[in-house]
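In: Sequence and computational prediction follow.
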Amino acid sequence: MPHSLEQLSTDETRALTRSRSRKNLAVMALLTAFVLGVFAFSLIHIQAEMRPVQQDVRSQ
């Protein structure tokens, strides 16, 4: 593979760079969405755990 990269033209190098850049952005977007989702779930879970327990009050 290193030998084939040495023989790329300028246009081919730019195309390869653009392709890799797009893939990197897509992966970064997916990872960011995952991290934000986990963070949001964590906050919701913490808030649910901090709520006072509602006890059933029945008049007998």
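Out: Received the coordinates, thanks. Residues are numbered from 1 along each chain as shown.
In: so for whichever helix or strand residue 18 is part of, what's the average pLDDT?
Out: In this assignment (DSSP states H and E), residue 18 forms part of helix 10-50. Confidence over helix 10-50 (mean pLDDT, whole number) is 96.
In: Who are the packing partners of it?
Out: The criterion is 3 or more C-beta pairs under 8 Å, 6 or more residues apart in numbering; DSSP states H and E, and there are no helices or strands that helix 10-50 contacts. The way it works is simple: take the backbone N, C-alpha and C, and place the C-beta from them, glycine included.
In: Give the burial count for residue 34, as a bare number.
Out: 10 (other C-beta atoms under 10 Å).
In: Now residue 53: phi and psi?
Out: phi -70, psi 130 (degrees, to the nearest 10).
In: Burial check on it, number of neighbours?
Out: Neighbours around residue 53, by other C-beta under 10 Å: 4.
In: Numbering from 575 from now on, please.
Out: From this message on, residue numbering opens at 575, which makes the last subject residue 627.
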